[in-house]
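Q: structural data only, the sequence is not supplied:
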Ligand SMILES: C[S@@+](CC[C@H](N)C(=O)[O-])C[C@H]1O[C@@H](n2cnc3c(N)ncnc32)[C@H](O)[C@@H]1O
């Protein structure tokens, strides 16, 4: 879905696609990865295992947290059977299946082919009538359809300001009047707990590649923008290197309220996490429920 520009690391390569030394400079905020991350055939297999591990907060939250989260959302928003829910970045459908079990009408969108394939198979074998769509959620185009839109596990923070503003408008348009948008973000407290660093590791095979590779990991802060970058340089044994960039924009109550109001959301409520815990100044995540009233 994206054009990528992979690198070659062999020293005698006459025309490298990307200059390694240039690639080691601090990138502009929200610079793209050089290869797909969520939709890479091998990485997405490792990701799916992480989503489906019930006991680890990795690609998804622990499954008992997800149970409590769905329970809280349904109660807090007084959702009624038959309400329509849109899950953006639904992964393998851990939230979608739980909502469908409670007789909501659910649509899940994700751009990991592997997760969507798993989600479809799970829904079919459990007789859950969920609509799953393999698609970039930045391109949604719905009108007055959903009672609730969710975007869960701090994925909102990966968006540049332009993508964020455009997505918020699309989400607002997709919602029925009176509908809710529920999502979570990291706070500056979380960024404070992260150290800028560079580390490296040699692996025979692992999360990034099935074959021997060198992994350089770097954490960089952009204090002015409130952004944190974690980037992974992966050098394989075929002279290729790729850079995977995971961006995180931290939000305060004020900064997220401003972005939401600009997109015409109001009636904004804050929580410390996605199970409805109270928000405090020490919270490393901020969960938000915003409403479409106009
Ligand atoms: C951290 S995982 C969370 C998955 C799910 N929300 C959960 O909590 O179990 C983020 C998911 O969002 C998907 N994703 C990220 N950006 C996306 C985009 N622009 N369009 C569609 N899916 C996206 C990824 O493929 C991945 O499955």
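A: Yes, it's here. If you're wondering where the values come from, they're calculated on a predicted model, not measured in any experiment.
Q: what mean pLDDT does the host helix or strand of residue 43 get?
A: Following DSSP states H and E, one finds residue 43 within helix 41-52. In this model, helix 41-52 has an average pLDDT of 97.
Q: chain center to it, what's the gap?
A: On the basis of Cα atoms, centre = their mean, to the nearest Å, helix 41-52 sits 14 Å off its chain's mean C-alpha point.
Q: mind checking how far the residue of the chain found nearest the ligand is from residue 116?
A: As assessed by Cβ to the nearest ligand atom, the ligand sits closest to residue 89 within the chain, at 2.7 Å. Where you see a C-beta, it was placed from the backbone N, CA and C, and this is true even at glycine. Residue 89 sits 11 Å away from residue 116, going by Cβ to Cβ, to the nearest Å.
Q: can you pull the residues that touch both of the two?
A: Listed contacts common to residue 89 and residue 116 are residue 110; contacts here mean Cβ atoms under 8 Å, 6 or more residues apart in numbering.
Q: contact partners for residue 242?
A: In this structure, residue 242 makes contact with 6-7, 33-35, 233-234, judged by Cβ under 8 Å, 6+ apart.
Q: kindly report the same for residue 108.
A: By Cβ under 8 Å, 6+ apart, the residues touching residue 108 are 86-87, 90, 93, 96, 116, 119, 130-133.
Q: now do 6 Å
A: By Cβ atoms under 6 Å, 6 or more residues apart in numbering, residue 108 lies in contact with 87, 90, 93, 96, 132.
Q: what pLDDT does the model give residue 239?
A: As summarised for this prediction, residue 239 has a pLDDT of 82.
Q: next one: it from residue 37, what distance?
A: The span separating residue 239 from residue 37 equals 21 Å under the rule Cβ to Cβ.
Q: likewise residue 48?
A: Look at residue 48 and residue 37: by Cβ to Cβ, they are 13 Å apart.
Q: where along the stretch 51-200 of the chain do the strands fall?
A: In the stretch 51-200 of the chain, the strands defined using DSSP state E, counting those that start in this stretch lie at 84-88, 105-110, 131-134, 146-151, 175-186, 197-203.
Q: to residue 61, which of those lies closest?
A: Taking Cβ to Cβ as the criterion, residue 61 comes closest to strand 175-186 out of the strands of the stretch 51-200 of the chain, the separation being 9.8 Å.
Q: and the ligand, is the closest one touching that?
A: No. Legend: contact between strand 175-186 and the ligand by Cβ under 6 Å from any ligand atom is lacking; minimum distance shown is 9.3 Å.
Q: what pairs with that strand, parallel or antiparallel?
A: For strand 175-186, the paired strands and their directions (DSSP bridges) are strand 146-151 (parallel), strand 285-291 (antiparallel).
Q: what residues of it count as buried?
A: With burial defined by 16 or more other Cβ atoms under 10 Å, the residues of strand 175-186 counted as buried are 175, 179-186.
Q: in JSON lines: the residues you listed, plus pLDDT and distance to residue 229.
A: Formatted as JSON lines, the entries for those read as follows, by pLDDT from 0 to 100; distance: Cβ to Cβ, whole Å:
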{"residue": "175", "pLDDT": "98", "distance to residue 229": "31"}
{"residue": "179", "pLDDT": "98", "distance to residue 229": "33"}
{"residue": "180", "pLDDT": "98", "distance to residue 229": "31"}
{"residue": "181", "pLDDT": "98", "distance to residue 229": "26"}
{"residue": "182", "pLDDT": "98", "distance to residue 229": "26"}
{"residue": "183", "pLDDT": "98", "distance to residue 229": "21"}
{"residue": "184", "pLDDT": "98", "distance to residue 229": "20"}
{"residue": "185", "pLDDT": "98", "distance to residue 229": "16"}
{"residue": "186", "pLDDT": "98", "distance to residue 229": "13"}
